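Engineer: model this:
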Amino acid sequence: MVRLSLDEVTDEMVLGKSIFLPTGELLLAAGYRLTGNYRRRLQQLGFEAVYIHVPETEDVIPENIISEHVERELQVSFKRNVSDLKKSFTIRQEGTRNVRRMIRQNKQYLTKFLTNSAFINTLEKVIDEVLNQPSIVLNMNALRKTDDDLFSHAINVAVISLSIGRKYYFTYEEMKQLAMGAINYDLGLIAIPDSIRRCQGNFTCEDDFEMYMQHAVYGYLMLSQNPAITATSAAVALQHHEHQDGSGYPRNLHGENRPPLKDFSRKHVIHRFSEIVAVADQYDMLLSGRMCPVHTIPNAIRRLIELGGSHLNKEIVKTLTAIVPIYPVGAKIKIVQAPSAQLIGYYGVVARLNNVCLEKPQILLYQSKNHQKIKPVVIDLSQHTGFKLEVLT
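Structural biologist: Predicted coordinates:
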């Protein structure tokens, strides 16, 4: 199957991978022909791309760090949990003192949210799957979602963070604390008025930005008052906008640009879990277009590297960029440079990754430069030099 933008899909194309709603309900099953009505409906729901069945690409299966059913289970459980909390926990623009009071008044709802056994069990399944992966390769195309809900990308951030933690050989307990911090890192946004939260970074006045910045404090207050949440998990909510050079908020903490390993000598610096989540959050925002233009994977990586050292922990940035393939499985590609000029302009799909060198995947060509079908040709880029690819989706 090949990942295509909806703008490229035509009436005769057949869906190669089933599409599910954020609620977990099946929207369209693999095998449907994507007629105009279906495509318009998908665009209305926020979908930008789908996987299409292309003959001879049946073995091209997009890889994900966690299984689809566990990802859907987490998504459904988390959204239901958040929805229940938002109904019970209404905070208006009342200032920090009143927000603290509101948090105390709604402590029972917060406790129910934070200690929900079904949600925690699902989160533990995610941790188990990440830990049991033979190798960590993060296919962001498989993770990216279309839902614009307040916490829609929190799941992506949690999975990315856990993948980073796995690369540093975190213990199970460390992974669990990291996961709880990552999935709840933006919880304080519940306390921010919708009009300000939806500014997506384009604040009209300094007062609005000042209020937006308070979400880190509010989130920390919500988490830290619950005995089931460790201080390290609560710190993620408070510190995920702190910068390595001290220019972040709310406390202007500094980082040391060191690997995020346990070290009790580190004091008065950004907590390592917060540094991991900050990198994961920034990367997912770059790809999803939240508070910034949508970036391609190569451009997002470049931007992360630019931010490394000043804003983001540069060691964690290195770790993330080492496990993200520029050419993810299922991505449509175009050959823009080749040892044989005859191949330039041909279209294909990334068929298989090379875990030793992610920049040298195996590709399958299925279309000529004139968009004519050809007999599929498999090229292993690890065995050839002189190829340059452009990812089209």
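Engineer: quick one: low-confidence parts of this structure?
Structural biologist: Under the criterion pLDDT under 70, the flagged ranges of the chain are 22-23, 87-98, 140-152, 198-202, 289-292, 393.
Engineer: how does it divide up, domain by domain?
Structural biologist: Domain assignment of the chain by automatic domain parsing yields the ranges 2-53, 68-323, 332-391.
Engineer: Of these, flag the one that's most buried.
Structural biologist: Scoring the domains of the chain by mean neighbour count under mean count of other Cβ atoms under 10 Å gives domain 68-323 as the most buried, with a mean of 18. (Glycine included, C-beta is placed from N, CA and C.)
Engineer: How far away from the center of its chain is that one?
Structural biologist: Relative to its parent chain, domain 68-323 has a centroid offset of 11 Å by Cα atoms, centre = their mean, to the nearest Å.
Engineer: Check the spacing between the residue nearest to residue 382 when sequence neighbours are not counted and residue 335 real quick.
Structural biologist: Computed as Cβ to Cβ, 6 or more residues apart in numbering, the closest residue to residue 382 that is not its neighbour in sequence is residue 360, at 4.1 Å. Residue 360 sits 14 Å away from residue 335, going by Cβ to Cβ, to the nearest Å.
Engineer: Please apply the same query to residue 313.
Structural biologist: The gap separating residue 313 from residue 335 is 36 Å, by Cβ to Cβ.
Engineer: now residue 155
Structural biologist: Plainly put, residue 155 is 34 Å away from residue 335 if you go by Cβ to Cβ.
Engineer: next one: residue 106
Structural biologist: Residue 106 sits 57 Å away from residue 335, going by Cβ to Cβ.
Engineer: Ok, residue 231 next?
Structural biologist: Separation of residue 231 from residue 335 (Cβ to Cβ) stands at 52 Å.
Engineer: What of residue 233?
Structural biologist: Using Cβ to Cβ, one gets 46 Å for the distance from residue 233 to residue 335.
Engineer: Then residue 178?
Structural biologist: From residue 178 to residue 335 the distance is 40 Å (Cβ to Cβ).
Engineer: If you drop the residues flanking it in sequence, what lies closest to residue 253?
Structural biologist: Skipping the residues right next to it in sequence, residue 253 comes nearest to residue 242 by Cβ to Cβ, 6+ apart, at 4.4 Å.
Engineer: these two touch, right, the one you found and residue 248?
Structural biologist: Yes - with contact defined as Cβ atoms under 8 Å, residue 242 and residue 248 form a contacting pair (3.9 Å).
Engineer: What ranges does the stretch 101-250 of the chain have for its helices?
Structural biologist: All helices of the stretch 101-250 of the chain, identified by DSSP state H, counting those that start in this stretch, fall at 107-114, 117-131, 140-143, 154-167, 172-183, 194-197, 206-213, 215-224, 231-239.
Engineer: quick one, which of the ones you listed is nearest to residue 282?
Structural biologist: Shortest separation from residue 282 across those is recorded for helix 154-167, at 9.5 Å, computed as Cβ to Cβ.
Engineer: Output the closest one as PDB - backbone C-alpha positions only.
Structural biologist: Taking only C-alpha atoms (Å, rounded to 0.1, in the frame of the first residue of the first chain), the coordinates of helix 154-167 have been written out as PDB:
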ATOM      1  CA  ALA A 154      -0.700  13.900  23.700                       C
ATOM      2  CA  ILE A 155      -0.700  10.300  22.700                       C
ATOM      3  CA  ASN A 156       1.900  10.900  20.000                       C
ATOM      4  CA  VAL A 157       4.000  12.800  22.500                       C
ATOM      5  CA  ALA A 158       3.700   9.900  25.000                       C
ATOM      6  CA  VAL A 159       4.700   7.300  22.400                       C
ATOM      7  CA  ILE A 160       7.700   9.500  21.100                       C
ATOM      8  CA  SER A 161       8.800  10.100  24.700                       C
ATOM      9  CA  LEU A 162       8.700   6.400  25.600                       C
ATOM     10  CA  SER A 163      10.600   5.600  22.500                       C
ATOM     11  CA  ILE A 164      13.300   8.000  23.600                       C
ATOM     12  CA  GLY A 165      13.300   6.500  27.100                       C
ATOM     13  CA  ARG A 166      13.700   3.000  25.700                       C
ATOM     14  CA  LYS A 167      16.800   4.200  23.800                       C
END
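Engineer: Which elements pack onto that helix?
Structural biologist: If you count contacts as 3 or more Cβ pairs under 8 Å, 6 or more residues apart in numbering; DSSP states H and E, helix 154-167 packs onto helix 68-88, helix 117-131, helix 140-143, helix 172-183, helix 272-288, helix 314-323.
Engineer: Residue 8 is nearest to which of the ones you listed?
Structural biologist: Each of these has some distance to residue 8 by Cβ to Cβ; the shortest is helix 140-143, at 14.8 Å.
Engineer: mind checking how far the closest residue to residue 230 other than its chain neighbours is from residue 253?
Structural biologist: Nearest residue to residue 230 in three dimensions, chain neighbours excluded: residue 177, at 5.1 Å (Cβ to Cβ, 6+ apart). According to Cβ to Cβ, residue 177 and residue 253 sit 19 Å apart.
Engineer: isn't residue 254 right next to residue 247, touching?
Structural biologist: No - the pair residue 254 and residue 247 does not pass the contact test of Cβ under 8 Å, sitting 9.4 Å apart.
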